[in-house]
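>>> Give me coordinates for this.
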Amino acid sequence: MEKANVKLKDLVPTKLKPCKHLVANATGGASYILAFLLVVFLSNIAHALLRTFRQPRVVAETLVGLIAGNIVRPNKDIFANVIQTLSNIKDFGMIFHMFALGLEMDPCMLFQRPTREAIVAYSGMLSTFILALFLTPYFNYSERPNLEFTFSLSVTLTGTASPLLTRIITDHKIGKSEIGRLVVAAGIHADFLSTLLISIGFIILSVDKSVRFRDYKGILKITSSLIGQVLVTVVISPIFMGWVNHENPPGKPLKGSHMVLSVAFVVISCSCSTFAGYSPVMSAFISGIVLPREGRLSKMMISKVNYFLNSIFYPIFFVWVGVMVNFHKFDPGNPWTWARMFFIFVVTTFGKVVGTFLLGMMLGLNRSESVVLGLLLNVKGHFHMYMALSAVQNAIITGSTGTGLTISIFLTVAYAPLVVRYIIGRVKKRSPNQRMALQWLDPINELRILLCVHCPQQLLSTINFIEISRGRDDPAIMVYVTDMIEMTEKIQSTIVKKQGDEVATVTDKAVVEMRDQITSAIKAYEEENSVSGITLRRLLALSAFSVIHQDICIFAENLLVSLVVLPFHKYQAADGKMVESRPKYRYVNRKVLQYAPCSVGILVDRGFGSTNKISRSSISLKAAIIFIGGKDDREALAYASHVAMHPGVKLTVIRFLLDTNNSCAKSTRLGSSNVSLPEQEEEMKLDDEFFADFYERHVGGQVAYMEKYLKNSSETMSALQSLEGKYGLIIVGRGGRVNSVLTVGMNDWQQCPELGPIGDLLSGSSSVVSASILIIQQHRLKGELAALTEEFCVM
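Numbers count the residues shown, from 1 in each chain. Predicted coordinates:
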């Protein structure tokens, strides 16, 4: 019997073959989705690891893309499909990238008188262009070298990736410093001019197989279509976008039909010149430039486009980069490969530094600052990688050269955080090493407070705190009201670059509404007290919860504040109990207590915010300060000296003293703690001297004084409970007491050790005291942080 030769595919009915293709396509789509999710997951892990070195997210995504693109290499047919898919996605996404970049640029900057920032940017660009123009021909970067290619490469190397540079500056919290504003503004000027020159280059040059001039008919065709595109956009877009903004006022969702019309209008305005053979990527940039930047619709487009770029496009883009950067074809044995790679890095870095250094000497800038400017303006980004690897795809340069260019671009981003850290280090060395605390504040100097808020619900307590802190009208008080907002991917995508004092702003709807509500209330209060010596400023601490304490500490250090005040992480419910709202804020409070360069206060609001507006004409608040002894109690008393001068506050100073008539107390008054006896005596002497000075200056009139002689911590607890119903605000020190007889054992049952034994007892849910509590910790110097660290180890 003859054996039948039957293949499996022959058994599949003909009618089912379309289903087989459908299943294959679905499987392929699922594979792409899983691969994308894996890349995003790995990028998040890499970013978390590199965040310790303050590297931007683009560094993590580049590393993941390079590794993924070179490790995973399927068979030739599948690999060709993958490259084609990734190429389509990168072209599509780069259109959005350039549109958002153009929308954030102001074309009027070219027609204004050059500012110092513009001159710095243009000098770095000019020196880089001259060096690249005369030196790159010797390294044979192109398969078909000519003057057109050399000119194009030189112009591209003069650019700066302003979005990346702005992100690096804002992440390191130096955006409000003079050099931070200078770098960001110069980066925007350099990025805008170089990209505009590249856009013009695409009009007169063709980049297919080689860089060469177009014929005059092609140039005229593209030029006329671009002029028409610009004119139509300039004339129609203000009318159309103004109508959409008018029909969709703030606070209401954008109508679906208007959304569709807006998208269609933008697509049409970006695609007119592409029919004439112009690059769609550069066409999107030109349209973004001429579209209005103000208004709700423009801000919404920037927000949505940036969210798409950060969440979806950039991870895929860097996978395409990794696929195109084939290390197997890098040819490391050829010395020219390394020469080309390092020459690009050296010539761009040296060119920027030389230009900014020479101009810096003319403008009177510090030499080191001039070098730093050049190094930071050399940062390249997504568009530059796109240009380099697109040249590889178009066979203008070899794959080995494209790999070298990509690595050089990556290095300019990787070293930028190190340069910024150098700037911060120099500033810290030049800043005075002094104790930033209320106790050492000169009475004639302005009191500076950094007051943090989480949400609008804390507005009333914030305003009341500002009011009681101002004391008399002279000396003046400066309060920096700081919004603490967690940085999420959604919020990160809504950050928009700005020029001026604000380097960047957030356009997320919820964040904007919250900040506007707080700002309106603060401005209303400031206008009511415009002639009373009080000045209010608004700040934004926008970071992940793991590092937001660094923002607060940097603000405190740069602004030379004496006191940082943080809201407690719990709020009072309707039944009077304290309910935990966002536990992550407790972590922030602990870290600020540990690392703050000044004194820190934590405000436990239990009705302080619901108190009627504190008047200056009559007594409207009864407050108390509890003084046991120690540096934190002295700091609390120093703050109470400002409260004592407020005409609307009745302050009572309560001093807890050890009953020396008790035989047990005589033996425990000194030598009962781990601190040496001389140090205990010195602390007690400081307590007596500081309290005597306070008593002499303030007690009498609206400031009352009482003493309580106690034998042990049990009597301390009873004395604290007896305060119920007598005061609306109680001020206490966090700890720092060398004589702990009156508080011994209280640490054993603390719920919130960051409040200290007295603060924790008064603010706990089981406490009978319903007053608001302000806990103050005096500034710890670096040598004193060891003990503080030990306290937090048990939390």
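>>> Grab the nearest non-local neighbour of Leu66.
Among residues not flanking Leu66 along the chain, Gly322 sits closest, at 4.5 Å (Cβ to Cβ, 6 or more residues apart in numbering). Yep, even glycine has a C-beta here, placed from its N, CA and C like the rest.
>>> Count the neighbours of that neighbour for me.
25 (other Cβ atoms under 10 Å).
>>> so what secondary structure elements neighbour the helix or strand Phe308 falls within?
Using DSSP states H and E, Phe308 sits within helix 296-308. If contacts are counted by 3 or more Cβ pairs under 8 Å, 6 or more residues apart in numbering; DSSP states H and E, helix 296-308 sits against helix 76-103, helix 216-247, helix 256-271, strand 495-497.
>>> Model confidence score at the closest residue to Gln778 other than its chain neighbours, please.
Nearest residue to Gln778 in three dimensions, chain neighbours excluded: Glu635, at 3.8 Å (Cβ to Cβ, 6+ apart). At Glu635, the pLDDT value in this model is 92.
>>> One more: Thr156?
Reported pLDDT for Thr156: 93.
>>> buried sites along the host helix or strand of it?
Thr156 is part of helix 147-157, with elements assigned from DSSP H and E. By 16 or more other Cβ atoms under 10 Å, the buried positions in helix 147-157 come out as 148-157.
>>> Next, Leu66: secondary structure please.
Assigned by DSSP: H, G, I helix; E, B strand; the rest coil, the conformation of Leu66 is helix.
>>> scratch that, Leu539
Assigned with three-state DSSP, Leu539 falls in the strand class.
>>> what secondary structure does the nearest residue to it once chain neighbours are set aside sit in?
Closest residue to Leu539 apart from its sequence neighbours, by Cβ to Cβ, 6+ apart: Thr482 at 4.2 Å. Following three-state DSSP, the label given to Thr482 is strand.
>>> mind checking how far Thr482 is from Val588?
Going from Thr482 to Val588 by Cβ to Cβ, to the nearest Å gives 12 Å.
>>> what's the overlap in contacts for those two?
Residues within reach of Thr482 and of Val588 at once, by Cβ atoms under 8 Å, 6 or more residues apart in numbering, are Ile552.
>>> Shouldn't Ala704 be within a strand?
Yes. Counting by three-state DSSP, Ala704 falls inside a strand.
>>> Look at it and report its pLDDT.
92.
>>> Verify the contact between it and Val653 for me.
Yes. Assessed by Cβ atoms under 8 Å, Ala704 is found in contact with Val653 at 7.0 Å.
>>> for Arg212, phi and psi?
Per-residue torsions, Arg212: phi -150, psi 160 (degrees, to the nearest 10).
>>> Show me the beta-bridge partners of it.
Ser206 (DSSP bridges).
>>> ok, now which ones touch it?
Arg212 makes contact with 146, 148, 205-206, according to Cβ under 8 Å, 6+ apart.
>>> Identify, from these, the entry nearest to Leu358.
For those, the residue nearest Leu358 by Cβ to Cβ is Glu148; the value is 29.2 Å.
>>> For the closest one, which non-adjacent residue is closest in space?
Nearest non-adjacent residue to Glu148, counting by Cβ to Cβ, 6+ apart: Val211, 4.5 Å away.
>>> how much space between the residue nearest to Gln778 and Gly601?
Counting by Cβ to Cβ, the gap from Glu635 to Gly601 is 9 Å.
>>> same question, Lys613
21 Å.
>>> where does the stretch 501-650 of the chain dip in pLDDT?
Filtered on pLDDT under 70, the stretch 501-650 of the chain yields the residue ranges 501-504, 530-532, 609-612.
>>> just the helices in it please.
509-528, 548-559, 584-595, 631-644 (DSSP state H, counting those that start in this stretch).
>>> Can you dump the C-alpha atoms of the first one in PDB for me?
To tie it back to what came earlier, the one meant is helix 509-528. Extracted C-alpha coordinates of helix 509-528, given in PDB (Å, rounded to 0.1, in the frame of the first residue of the first chain):
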ATOM      1  CA  LYS A 509      -6.900  71.300  34.100                       C
ATOM      2  CA  ALA A 510      -7.200  70.000  37.700                       C
ATOM      3  CA  VAL A 511      -3.900  71.500  38.700                       C
ATOM      4  CA  VAL A 512      -4.600  74.900  37.100                       C
ATOM      5  CA  GLU A 513      -8.000  75.100  38.800                       C
ATOM      6  CA  MET A 514      -6.500  74.200  42.200                       C
ATOM      7  CA  ARG A 515      -3.700  76.800  41.900                       C
ATOM      8  CA  ASP A 516      -6.000  79.500  40.600                       C
ATOM      9  CA  GLN A 517      -8.300  79.000  43.500                       C
ATOM     10  CA  ILE A 518      -5.400  79.200  46.000                       C
ATOM     11  CA  THR A 519      -3.900  82.200  44.200                       C
ATOM     12  CA  SER A 520      -7.200  84.100  44.200                       C
ATOM     13  CA  ALA A 521      -7.600  83.700  47.900                       C
ATOM     14  CA  ILE A 522      -4.000  84.700  48.600                       C
ATOM     15  CA  LYS A 523      -4.300  87.800  46.400                       C
ATOM     16  CA  ALA A 524      -7.500  88.800  48.000                       C
ATOM     17  CA  TYR A 525      -5.800  88.600  51.400                       C
ATOM     18  CA  GLU A 526      -2.800  90.500  50.200                       C
ATOM     19  CA  GLU A 527      -4.900  93.300  48.800                       C
ATOM     20  CA  GLU A 528      -6.700  93.700  52.100                       C
END
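>>> what angle sits between it and helix 296-308?
With axes from the mean of the first three to the mean of the last three Cα atoms, to 10 degrees defining the directions, helix 509-528 sits at 130 degrees from helix 296-308.
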